[in-house]
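J.: Mind folding the following:
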Amino acid sequence: MSVNERWLEILLAPQRDGISVAAACRRYGISRQSFYDYRRRLRSEGVPALQPRSTRPTTSPSRTASEVESLIVKLRVDNPRWGARTLHTKLVQAGLARPPVVSMIHRVLQRHGLVVAQEHRVPKEWKRFERHSPNDLWQIDGTMVALADGSKAWIVDLLDDHARYAIGATAVRRFTVHAAWKAMDTAITEHGVPRQLISDNGLQFKSRKGQKPVFFQKRLAALNIHQLNSRPRHPQTCGKLERYHRTFKEFYADNGPTATVEELQELCDRFRWYYNHERPHRALNQQTPSVVYDASRKMTPDDVRRGGNTGPRVLTVSASGAIKYRRRRIHVGMPLSGQKVRVTEAKCRLP
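T.: Purely as a prediction, here's the structure:
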């Protein structure tokens, strides 16, 4: 018996057998709602309407439009290093009125085989820190790369701790104390003098215990820059710069290797512009480092932060419209929730 014939038998049973609709539904094991739905279809469209229909919804809000999906795939193919968050930011910047959410973009990449499934790992709970103003603290370190002929070269990088802004990137053949100062001097000429500088304990930056200060230390002292050093075998202290090195080496793998140190310097300058002005940063709420770096007044060696609390600070307003400052909760208003505000202390006389 075909599906049409079966439903026709069920629908005619009350009239044929002189029973109620409820009794017919119990006999055939169907709901009364289904009985009335199929009877309505039979009366309006005839026997062919008794065939089962697809239960697929007429609209699917969670399905990405084909044009947007094609754009996501094209952006990913053209920029293989861009993840779902970066692609979402780029769609917003392109003026898309209602771009797909990050999770949906990730599913699009999965459907097209553009991401590889990775084993879920529980991240370690690191205690993160961030200075509250640009130029309050710079990080400096060197990383080694291979040139086209297999020889080695170094890049001395500097990063602003507050904005993750790439302050400088100087390519040199050897990582010496003078090469380190050359990078530092170039960055100071371009961005001013920072209040503090942190590095590892390499001999380019710091003399051994009991020995005279190296050239780099002397130059910092002359400019009144307070020098800090990370704990031995603890790269997390300069973790922002370590992460910057990783991003650069991914870029170098795609665009290198270069033949000479001069070509390496050109590539560093090109990457630094992209990193500062074009690449949205997840830790900066998908803003670029240049936007955050230029948003606040820059610190100088003359700025004194007694106990680390005085001086201008940039704080994020909570969802409840408040900030935490000096162990106090200060309400600044719900309209500012999620925004960054600049807090400055000022002396005032009470009436």
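
J.: what about Ala322, distance to Val314?
T.: Note on Ala322: its distance to Val314, by Cβ to Cβ, to the nearest Å, is 15 Å. All C-beta spots, glycine's among them, are computed from the backbone N, C-alpha and C.

J.: What segments of the stretch 101-250 of the chain are helices?
T.: 102-111, 177-191, 215-222, 239-255 (DSSP state H, counting those that start in this stretch).

J.: would a markdown table of those with mean neighbour count and mean pLDDT be doable?
T.: Below are the helices of the stretch 101-250 of the chain laid out as a markdown table (neighbours: other Cβ atoms under 10 Å; pLDDT from 0 to 100):
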| stretch | mean neighbour count | mean pLDDT |
| --- | --- | --- |
| helix 102-111 | 17 | 89 |
| helix 177-191 | 18 | 94 |
| helix 215-222 | 16 | 92 |
| helix 239-255 | 16 | 92 |
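
J.: Ok, which of these comes nearest Asn201?
T.: Comparing the helices of the stretch 101-250 of the chain against Asn201 with Cβ to Cβ, the closest turns out to be helix 215-222 (12.0 Å).

J.: What sits closest to Arg219 if chain neighbours are left out?
T.: Distances taken as Cβ to Cβ, 6 or more residues apart in numbering place Trp181 nearest to Arg219, at 5.6 Å, with adjacent residues excluded.

J.: Would you map out the domains in the protein?
T.: 3-50, 66-111, 137-291, 307-351 (automatic domain parsing).

J.: I'd like those domains laid out as a markdown table, including distance to Phe129.
T.: As requested, the domains of the chain are exported to a markdown table (distance: least, Cβ to Cβ, whole Å):
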| stretch | distance to Phe129 |
| --- | --- |
| domain 3-50 | 62 |
| domain 66-111 | 23 |
| domain 137-291 | 8 |
| domain 307-351 | 11 |
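
J.: Go through those domains and pick out the most buried.
T.: Mean neighbours per residue, mean count of other Cβ atoms under 10 Å, is largest over the domains of the chain for domain 137-291, with a mean of 17.

J.: Now do the phi/psi pair for the residue most central in space within the chain.
T.: By Cα atoms, centre = their mean, the chain has its centre lying nearest to Arg282, at 1.9 Å. The phi/psi pair for Arg282 (degrees, to the nearest 10) reads phi -60, psi -40.

J.: unless I'm mixing things up, it is touching Arg85, no?
T.: Yes. Using Cβ atoms under 8 Å, Arg282 is in contact with Arg85, at 5.8 Å.

J.: Show the pLDDT at Glu119.
T.: Predicted confidence (pLDDT) for Glu119: 70.

J.: for Arg326, same thing?
T.: You'll see Arg326 listed with a pLDDT of 71.
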